[in-house]
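A.B. asks: A predicted structure for the sequence below; I have some questions about it.
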Amino acid sequence: MGLFKRNPFGHILFIKKWLIRIFGGLTHRRYRGFNQLQIEGSEIIKSLPDRNVLFISNHQTYFADVAAMFHVFNASLSGRVDNIKNVGYLWHPKMNIYYVAASETMKSGVLPRIMAYAGAISIERTWRADGKDVQDKKEVNPDDTEHIKMALNDGWVITFPQGTTKSFKPVRKGTAHIIKQHRPIVVPIVIDGFRRAYDKKGLRVKKKNILQSFIIKEPLEIDYENDSIDDIVEKIEYAIEQHPSFLKVIPAEEIEEQERLNKFRKWQV
């Protein structure tokens with residue numbers, strides 16, 4: 001690799017490689033130390049082509065989710081199945097991994113700006129501004145969709161199609177349009193435990209000894225010619241386990257809250 005070789009976004013690969021190594025080394029114990037990352041299905045990663053792969057996932061923190069994916073992907077490519085033992089797999093990381101992130105998030109401080117160099121595709125969210133949903137949606141920036149196209153042509157792209165860390169929010173149709181137009185291999189990932197372990201940004205450890213799960217599923221079967229945008233959206237919702245039907249299962253947190261209220265009522269009586 002030439003010292004000043006750049007990717008399609010103008011990032012110097014030598015700098016990007018060292019950023020991945022440094023941040024990977026700093027975050028490794030978050031997933032294999034005071035917390036444990038339980039991985040399933042990582043053998044799928046090694047069978048994927050080098051380009052035009054889109055990973056879709058539910059979202060729980062701004063940065064910890066993506067960092068875990070960098071670990072799992074690179075470990076899998078180095079021959080580790082369902083584990084991230086020995087962080088040496090980051091010495092030669094896959095350099096064409098990108099992730100879609102909100103521009104306002106990546107501009108929120110010095111650290112996010114540095115992390116953006118490791119592979120962020122910053123986009124302007126049309127439905128949200130300053131951390132709040134907006135009634136009057138902004139026009140889609142054509143540069144954003146062009147950047148995602150460039151990233152898919154160069155390698156792998158990670159996206160969170162709900163566009164928020166809140167559970168069971170609607171999947172944005174923009175992801176379905178990208179799939180329909182560029183026809184990538186779409187690999188679903190379902191994560192859990194990150195929200196309990198870290199703060200919302202995923203930078204500060206909130207609680208230790210949390211079992212985090214990371215499930216990689218088989219690529220989605222998509223009929224690029226005949227599936228409608230709504231069809232693709234529904235497939236995404238089921239694949240990342242964020243379809244409204246999953247709400248029929250009562251969350252453990254709700255059960256615990258009900259138990260707390262029952263005890264409170266008992267003492268009140």
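C.D. replies: Happy to help now that I have it. Source: prediction; values computed, not measured.
A.B. asks: below-threshold pLDDT in the stretch 151-269 of the chain: ranges please.
C.D. replies: Confidence mapping of the stretch 151-269 of the chain against pLDDT under 70 gives the ranges 248-269.
A.B. asks: can you pull out the strands in it?
C.D. replies: Assigned by DSSP state E, counting those that start in this stretch, the stretch 151-269 of the chain shows strands spanning 156-159, 185-192, 211-216.
A.B. asks: can you spell out which helices and strands pack onto the shortest one?
C.D. replies: The one in question is strand 156-159. On a contact count with 3 or more CB pairs under 8 Å, 6 or more residues apart in numbering; DSSP states H and E, strand 156-159 meets strand 53-57, helix 64-77, strand 97-102, helix 142-154. C-betas here are computed from N, CA, C, even on glycine.
A.B. asks: ok so, going back, for the strands of the stretch 151-269 of the chain, which one ends up most surrounded?
C.D. replies: Sort those by mean neighbour count, taking mean count of other CB atoms under 10 Å, and strand 156-159 sits at the top with a mean of 26.
A.B. asks: could I get the strands of the stretch 151-269 of the chain as TSV with distance to residue 28?
C.D. replies: Putting these into TSV (distance: least, CB to CB, whole Å) gives the following:
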stretch	distance to residue 28
strand 156-159	19
strand 185-192	17
strand 211-216	13
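A.B. asks: for residue 32, which of those is the nearest?
C.D. replies: Nearest of the strands of the stretch 151-269 of the chain to residue 32, taken as CB to CB: strand 211-216 at 10.2 Å.
A.B. asks: tell me where the stretch 1-150 of the chain has strands.
C.D. replies: Taking DSSP E, counting those that start in this stretch, the strands of the stretch 1-150 of the chain run over residues 36-40, 53-57, 97-102, 120-123, 128-129, 132-133.
A.B. asks: tabulate the ones you listed (CSV), appending mean neighbour count, mean pLDDT and distance to residue 112.
C.D. replies: Formatted as CSV, the strands of the stretch 1-150 of the chain follow (neighbours: other CB atoms under 10 Å; pLDDT from 0 to 100; distance: least, CB to CB, whole Å):
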stretch, mean neighbour count, mean pLDDT, distance to residue 112
strand 36-40, 18, 94, 22
strand 53-57, 24, 98, 19
strand 97-102, 23, 94, 8
strand 120-123, 20, 91, 8
strand 128-129, 16, 52, 17
strand 132-133, 8, 54, 19
